[in-house]
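Enquirer: let me see the structure of the following:
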Amino acid sequence: MFEKILIANRGEIALRVQRACRELGIRTVAVHSEADKDAKYVKLADESVCIGPAPSNLSYLSVPAVISAAEVTDAQAIHPGYGFLSENADFAERVEQSGFVFIGPRAETIRLMGDKVSAKDAMRKAGVPCVPGSEGALPDDPIEIIKTAKKIGYPVIIKAAGGGGGRGMRVVHTEAALINAVAMTKAEAQ
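Expert: Modelled structure (predicted):
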């Protein structure tokens, strides 16, 4: 069991992790931006460390700042919450390379599941039922794309392999809109 963990997140998720830690007798470290210094999750943590200015890319997404905060507070583990760094495989690796436990999936798992094509392939191989769809990345041939959509049945969802948070996704109701939706989805995902 850990004595102290750093929560690499903010707001409601930080409060949820703090509550669970409190029930387990684990001390918590909150990281915060300058703008969040008076936030409830900061006040309720056992310790807190300012990791940068308000823009999240300069604070909550700063891997060196988060790891430094864990080092100066003698945390044993880092909980990423969700969003921010939670799906960043490089962050998970850096946490472990720095001598901390990453509370979450292994870096390899994050990488595997971050790409929709490899994730679906891994689930099929593990016997997990999957919704009907393409057997991998869509082909470049529009005729093959149309055949795949007909086989699935409309409406279909076109999803970029690496898109997240709803980016790179289109619901297509008709064959006439399919090829344009695929092109737009590919462009968005880049």
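Enquirer: doesn't Val31 lie inside a helix?
Expert: No. Applying DSSP: H, G, I helix; E, B strand; the rest coil, one finds Val31 to be strand, outside a helix.
Enquirer: I'd say it and Ser68 touch.
Expert: No. In this structure, Val31 is not within contact of Ser68 by Cβ atoms under 8 Å, at 9.8 Å. C-beta here means a position set from N, CA and C on the backbone, and glycine is covered the same way.
Enquirer: those two: who's more crowded?
Expert: Remark: of Val31 and Ser68, Val31 carries more neighbours, 30 against 15, as counted by other Cβ atoms under 10 Å.
Enquirer: quick one: residues contacting that one.
Expert: 6-10, 48-51, 59-60, 65-66, 69 (Cβ atoms under 8 Å, 6 or more residues apart in numbering).
Enquirer: repeat that for 7 Å
Expert: Contact partners of Val31, counting by Cβ atoms under 7 Å, 6 or more residues apart in numbering, are 6, 8, 49, 51, 66, 69.
Enquirer: need the nearest residue in space to it, chain neighbours excluded.
Expert: Ranked by Cβ to Cβ, 6 or more residues apart in numbering and with sequence neighbours excluded, the top spatial neighbour of Val31 is Ile51, at 4.7 Å.
Enquirer: where does this structure dip in pLDDT?
Expert: The chain contains residues with pLDDT under 70 at 162-168.
Enquirer: just the helices in it please.
Expert: Assigned by DSSP state H, the chain shows helices spanning 11-24, 40-44, 63-73, 89-97, 107-114, 116-125, 142-152, 175-189.
Enquirer: what about these, which gets the closest to Met1?
Expert: Closest of the helices of the chain to Met1 is helix 11-24, at 7.0 Å (criterion: Cβ to Cβ).
Enquirer: restricting to C-alpha, output the closest one in CSV.
Expert: Output in CSV follows, covering the C-alpha atoms of helix 11-24 (Å, rounded to 0.1, in the frame of the first residue of the first chain):
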residue,chain,number,x,y,z
GLY,A,11,-11.1,19.5,-10.2
GLU,A,12,-13.7,16.8,-9.7
ILE,A,13,-11.4,13.9,-10.6
ALA,A,14,-8.8,15.0,-8.1
LEU,A,15,-11.5,15.2,-5.5
ARG,A,16,-12.6,11.7,-6.3
VAL,A,17,-9.1,10.3,-6.1
GLN,A,18,-8.5,12.2,-2.8
ARG,A,19,-11.7,10.7,-1.3
ALA,A,20,-10.6,7.2,-2.2
CYS,A,21,-7.2,7.8,-0.8
ARG,A,22,-8.5,9.2,2.4
GLU,A,23,-10.7,6.1,2.9
LEU,A,24,-7.5,4.0,2.4
